[in-house]
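[1] Got a predicted model here, sequence first, then my questions.
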Amino acid sequence: MAQTADGSIFAAVGGHDTFTRLVDVFYQHVDADAELIAMYPDGHELEGAKHRLQMFLEQYFGGPSTYQEQRGHPRLRMRHFDYPIDFDARDRWLRCMRAALDEVSLPPLYDEMFWDYFQRAATAMVNTNPNIR
C-alpha cells in the first residue's frame, strides 16, 4: 500500500471500510461457532459487539479516538474478566479472526502486525487458570 498522508496503519489499510469488513467477517465466523457465540451475553445479536470492536480496533491502529471518547480507557482484561475465557475460547476466537484477516487480505506487513496484536491480546484475555486470576 502507498504511504498515507497521516502515516497511520488505519489509513494505510484502507480506513473505516477495511475495519468494517474485518469486523463483519470476524463476527460471521463467531456466529457460526456454537461454543464461542454462547459466551456472548447478547447471543446472536452482535451489533453492539461489532460496534465496540470496530471502534477499538480503529483507534488502536491509529484511527479516530471514538472508542476512548465513548467508553473511556479500553481496559480489555477488566472488561472481559466476568467471562470465563480459557485457552480453547482463545483459540476459537483466534481462528475466527485469522479467517477474517485471510478474507480481508491485508498486505503481508499489515497482516503480520494485526495477527501479532490479536495473538497477544487474545492470550492476555485468558482468565480461567487459577494462577492467572
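    Noted; the coordinates are in hand.
[2] When you work out contacts or count neighbours from here on, use the C-alpha atoms and nothing else.
    Will do.
[3] Which pLDDT does the model give residue 75?
    Looking at residue 75, its pLDDT stands at 70.
[4] neighbours of it, just the number please.
    Residue 75 has 9 neighbouring residues, counting by other CA atoms under 10 Å.
[5] Where in this protein is the helix or strand with the lowest mean pLDDT?
    helix 76-80 (a mean of 67; mean pLDDT, DSSP states H and E).
[6] Beyond it, next helix or strand please.
    Downstream of helix 76-80, the first helix or strand assigned by DSSP states H and E is helix 87-104.
[7] Off-centre distance for that following helix?
    Using CA atoms, centre = their mean, to the nearest Å, the mean C-alpha position of helix 87-104 is found 9 Å from that of the whole chain.
[8] Kindly report the same for stretch 39-48.
    15 Å.
[9] dump the residue contacts of the residue positioned nearest the centre of the chain.
    Taking CA atoms, centre = their mean, the centroid of the chain lies closest to residue 53, which sits 5.6 Å from it. Neighbouring residues of residue 53 by CA atoms under 8 Å, 6 or more residues apart in numbering: residue 23.
[10] ok, now with 10 Å
    19, 20, 23, 47, 59, 67 (CA atoms under 10 Å, 6 or more residues apart in numbering).
[11] Just give the number of residues close to the second one.
    The reference is to residue 20. Other residues near residue 20 come to 17 when the count uses other CA under 10 Å.
[12] Buried residues of stretch 15-32, list them for me.
    15-16, 18-27, 29-31 (16 or more other CA atoms under 10 Å).
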